[in-house]
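Asker: Predicted structure and sequence below. I'll ask about it afterward.
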Amino acid sequence: MTETIHRLIEQYGLIAVFLGCVAEGESAAILGGFFAHQHVFVLWQAFLAAFLGAFAGDTFFFTLGRSFADHPYVVGFRKRPGFGRAYHLLNTHPNIFVLTNRYIYGMRLVGGIAAGLSTVSVPRFVILNALSSAVWACLFGTVGYVFGLGAEHIVGQAFARHERLLIALAVGAGVAILAWIVAHIFAARERARDARQDQAKS
């Protein structure tokens, strides 16, 4: 069982890191760094996969907002909690927002659409998004790598490589669940705030 999992991770792990980082994938970047520490990937490959995934994801949602503003999918995103705030920040502090948007849970997808609908130019977005994606990938990839160092001290050398890979998968699942919970808490707060504002206007 563990042999099969190990082979799958070696063959498709970088693709999984890339795809995980296309969405709000801090856990995918962290796992990439952890597996690099376990010598399943080379560290720069994990960084590159996370960078490309993050950059591609944000660019995709920016393109949706810029070129398909009237599409029902984009219109649905415009109704999401936090969109109004994201759009306002983009038009007042565009550079800061594009650089920091990915660090705010629940705002990355909305922020990409909002950026496409804003006055931010394509060259500016591409440059800022590339810089932000690179820093993000290195930061969370390093967190995973450092976690691997710490896990080795805690677990010791008694566990074989395959068992540590299973631990990594469990940790990744835990991080993903925690991120989902945090994102939904923030979304609930945004909905409550928007509801209060609507009541105040009426």
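Answerer: Noted; the coordinates are in hand.
Asker: how about low-confidence regions in this protein?
Answerer: Counting by pLDDT under 70, the chain shows low-confidence ranges at 1-11, 24, 105-106, 148-202.
Asker: swap the cut-off to 50 and go again
Answerer: Scanning the chain for pLDDT under 50 picks out the ranges 1-2, 155, 157-160.
Asker: all helices for it, in order.
Answerer: Taking DSSP state H as the criterion, the chain carries its helices at 2-22, 26-37, 43-67, 72-78, 83-92, 94-100, 108-117, 122-155, 161-201.
Asker: Buried residues in the third one, which are they?
Answerer: Which is helix 43-67. Going by neighbour count (16 or more other C-beta atoms under 10 Å), the buried part of helix 43-67 is 43, 45-59, 61-62, 64-66. Backbone N, C-alpha and C define where each C-beta goes, glycine included.
Asker: With the fifth one instead?
Answerer: For helix 83-92, the neighbour count (16+ other C-beta under 10 Å) marks Phe83, Gly84, Arg85, Ala86, Tyr87, Leu89, Leu90 as buried.
Asker: Can you list the helices and strands that it packs against?
Answerer: Contacts defined by 3 or more C-beta pairs under 8 Å, 6 or more residues apart in numbering; DSSP states H and E place helix 83-92 against helix 94-100, helix 108-117.
Asker: For Pro123, which of those is the nearest?
Answerer: Minimum separation from Pro123 across these (C-beta to C-beta) falls at helix 94-100, 12.1 Å.
Asker: helices and strands around that closest one, which ones?
Answerer: Looks like helix 94-100 contacts helix 83-92, helix 108-117, helix 122-155 (3+ C-beta pairs under 8 Å, 6+ apart).
Asker: Which of these sits closest to Ala23?
Answerer: Across those, Ala23 has its closest neighbour in helix 108-117 (7.5 Å, C-beta to C-beta).
Asker: orientation of the closest one relative to helix 122-155 in degrees?
Answerer: Here the directions of helix 108-117 and helix 122-155 differ by 170 degrees (axes from the mean of the first three to the mean of the last three C-alpha atoms, to 10 degrees).
Asker: Just the residues contacting helix 108-117, thanks.
Answerer: The set of residues external to helix 108-117 that reach it, using C-beta atoms under 8 Å, 6 or more residues apart in numbering, is 23-24, 57-67, 69, 74, 77-78, 80, 82-83, 86-87, 90, 94, 97-98, 101-102, 104, 125.
Asker: Just the endpoints, please. Distance across stretch 95-114?
Answerer: This stretch, stretch 95-114, spans 13 Å end to end (C-alpha to C-alpha, to the nearest Å).
Asker: could we number from 58 for the rest of this?
Answerer: Fine by me, first position is 58 from now on; the one you just mentioned is stretch 152-171.
Asker: Which residues belonging to that stretch are considered buried?
Answerer: Applying 16+ other C-beta under 10 Å to stretch 152-171 flags 154-156, 158-159, 161-171 as buried.
Asker: same thing with stretch 197-206?
Answerer: When burial is assessed from 16+ other C-beta under 10 Å, stretch 197-206 yields the following buried residues: Phe197, Gly198, Thr199, Val200, Gly201, Tyr202, Phe204, Gly205.
Asker: Since that was my last question, I'll sign off now.
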